[in-house]
Structures are given as C-alpha cells and as structure tokens.
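Participant: sharing a sequence plus its predicted fold:
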Amino acid sequence: MVAGSSPSTPGCDCLAHRFGNAADRPERRPRYGSDISDAEWARVRNLLPAPAWLAGRGGRPEGYCHRQMIDAVRYLVDNGIKWRAMPCDFPPWPRVYAFFARWRDTGLVAELHDRLREAVRRAEGRDQEPSAGVVDSQSVKADATVALASRGYDAGKKINGRKRHLLTDTLGLVLAVAVTPASTTDRDAVRILLPAAKKYFRRLARIWADGGYSGHLTDWTSQHLGVVLDIVRRSDDARGFEVLPRRWVVERSFAWLLRSRRLVRDYERRTETSEAVVLWSMTMLMSRRLALQHQGPVPVPAA
C-alpha cells in the first residue's frame, strides 16, 4: 500500500491526502460503475495536473482528495444527474461543482484529457501528435435551462438546441471540441475549430469530412492552414445505412459520448461547460482503455 492510502480507498495517494487537510474527513469505498478503478488510478494519478498551492502559485490545500472529486464528477457525467442530486457518500455537491468549475476555467480538465490522449496514442504505437483527423458535428436538443442566446434551430435535423463540433484523430480520440447554437453551419464552425487545433497540432496535414464542409472551405484550409480537407461523399446509388471510409471514426466518437447520459441533451447554461463535460466523458473512456491495455494477458485456467 502506498503512502497516504487507506483500506477504504486502495491506492489513493493524492496530494490532498498527503499534504492537505483531507486526512480528517471520512473515506468512501468505490461502489459505482463510474468510479475510477485501482487499475485506472494507477495510470491516471501521475497525469493529474499539480494543484496551484503545491506548485507555489498560491491558494489553500484542497479539503478533499482528487480521487473523490473525480469519482463525483464522473458519476454526474455518466448518470446525467442534477448537481443537487449528488449521492451523500460523495463530497457535498457545492464543493464538487467548485472543483468542476475550477478545472473548467483554468484548463485543467483539458490538460488531463490531452495527457491521457497522448498516453493512449503511445500505447497504440502512434506518435503522440496526430497528422490526420476527422471532423463532423452533432446536433442535440437543449434543456429549458439553456439561454436563447446560446441555442438555435438546425433546419436540416429539425432540432432546437446546440451543436457539438468534434475534431478527432484516426483512433476517434478528441483533438478539439466546440459547442455552438444548432443554427451555426458546419463551415462557419470549422473556421474557428481548425485554426485553434492547427496551432496546437502542427503535424496535422489531412482532415476527412462530409459533404457539409465542401465548397470554398477546401481552398481556405489549404491556403491558410496548409491542411488538405478531404471530402468523403456518400454514393448517389447507396440506399439505407452505409459505412463511409474515415467518416465512421468520428461518428463512433459521437456514439461514445452519448453513453454519458449528461450528453444525451445539453443541460448547461454555458457552452464552455458543455465542452468540459465532453472532455470529462472522454477521460473516462481513455482511462479505462489505458487500464485494459496494461493488465496484460488473461491467465488461462488449467484443464
């Protein structure tokens, strides 16, 4: 057992328990399907961003350990509950929300997400920085709490709500996400999404997209970003469902996101919160994948 851990939270050696005031608080035993497992924690804990107080940037030590807080946020994202419906064995919901909001506003959730993506790509034998990606959008209905200024009507999908724009690598891992009113066209959104992604991923040279991104946009991405936008079109003779090359990757990513019930609709007042929930959902998927990749072969029982 590592320093700072206890029988109630095996493997929990987070900084708040070792240096903060969380030692006096009651422990909780992992009990929900969304809780981070010991195998996941072993892979994730070294990738967590260091708290500001420990890095000498000021602030006070956390009152609850990171593993407790991450479990609480994962529970909310996975089960789609209200903040005030947080189970009583988690820290109080205002503290969990404050943790979520701080990680959203300071970019810590994006930092953890990016570190996990790089670790997954290395485990798959890929370069940690991708050279190709896939882009698409998904329109979802918005809850009544979403302000009119940040929602719109997608006439093509007949949905009143918001639109998620995803840029993924060829493994389906998210490179960039933007949430806009559903009335925003794919061409307008990608002119914001791709330049920001290109600044971070300098090796990015080719992106596959559907027919909604065709037209002058292909020339614009080539001239201004040095990126080839490859349009994958559906055959005119095809009927019913058809798996299209490369495009199915981002469609699968949207399906992964919809496993998190908080993302089935958009309940967030701010688009930044919606983007943070997407990143939290992907961190769950990637941490589980890393844990499986490092478990090794399953022993075969003797005959």
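Facilitator: Structure received. Residues are numbered from 1 along each chain as shown.

Participant: quick one, helices of this structure?
Facilitator: Assigned by DSSP state H, the helices in the chain fall at 15-19, 38-44, 66-79, 93-105, 108-123, 186-200, 216-224, 247-257, 271-293.

Participant: return the most buried member of the ones you listed.
Facilitator: Stretch with highest mean neighbour count among these: helix 66-79 (a mean of 23; mean count of other Cβ atoms under 10 Å). To be clear about C-beta, it is placed using only N, CA and C from the backbone, and glycine gets the same treatment.

Participant: next, count neighbours for Ser139.
Facilitator: Residues near Ser139, counting by other Cβ atoms under 10 Å, number 22.

Participant: residues contacting it?
Facilitator: Counting by Cβ atoms under 8 Å, 6 or more residues apart in numbering, Ser139 touches Asp154, Lys157, Ile159, Gly161, Arg162, Lys163, Arg164, Ala182.

Participant: ok, now Tyr97?
Facilitator: By Cβ under 8 Å, 6+ apart, the neighbours of Tyr97 are Trp83.

Participant: from Phe201, how far off is the spatially closest residue to Gly172 that is not a sequence neighbour?
Facilitator: For Gly172, ignoring the flanking residues on the chain, the nearest one in space by Cβ to Cβ, 6 or more residues apart in numbering is Ser253 at 4.5 Å. Separation of Ser253 from Phe201 (Cβ to Cβ, to the nearest Å) stands at 16 Å.

Participant: ok, Arg122 next?
Facilitator: According to Cβ to Cβ, Arg122 stands 15 Å off from Phe201.

Participant: list the contacts of Ala123.
Facilitator: Ala123 touches Leu290, Gln293, His294, counting by Cβ under 8 Å, 6+ apart.

Participant: give me the pLDDT for it.
Facilitator: Ala123 is assigned 93 on the pLDDT scale.

Participant: now it: how far from Gln295?
Facilitator: 12 Å.

Participant: ok, Trp83 next?
Facilitator: Counting by Cβ to Cβ - Trp83 and Gln295 are separated by 34 Å.

Participant: just want to know which of these two has more residues nearby.
Facilitator: Legend: neighbour count by other Cβ under 10 Å for Trp83 and Gln295, higher for Trp83 (12 against 9).

Participant: which residues of the stretch 151-300 of the chain score low on pLDDT?
Facilitator: Low-confidence segments of the stretch 151-300 of the chain (pLDDT under 70): 234-244, 296-300.

Participant: try it again with 90
Facilitator: 210-212, 214-215, 231-248, 292-300 (pLDDT under 90).

Participant: returning to that earlier point: list buried residues within the contacts of Ser139.
Facilitator: By neighbour count, with 16 or more other Cβ atoms under 10 Å, the contacts of Ser139 hold Asp154, Ile159, Gly161, Arg162, Lys163, Arg164, Ala182 as buried.

Participant: ok, the residue lying closest to Ala110 once chain neighbours are set aside - contacts?
Facilitator: Counting by Cβ to Cβ, 6+ apart, Ala110 lies nearest to Leu279, which is 6.0 Å off, once chain neighbours are set aside. For Leu279, the residues meeting the contact criterion (Cβ under 8 Å, 6+ apart) are Val109, Ala110, His113, Val174, Val177.

Participant: can the helices of the chain go into CSV with extra columns for distance to Ser131?
Facilitator: Converted to CSV, the helices of the chain look like this (distance: least, Cβ to Cβ, whole Å):
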stretch, distance to Ser131
helix 15-19, 36
helix 38-44, 25
helix 66-79, 30
helix 93-105, 29
helix 108-123, 11
helix 186-200, 12
helix 216-224, 15
helix 247-257, 14
helix 271-293, 20
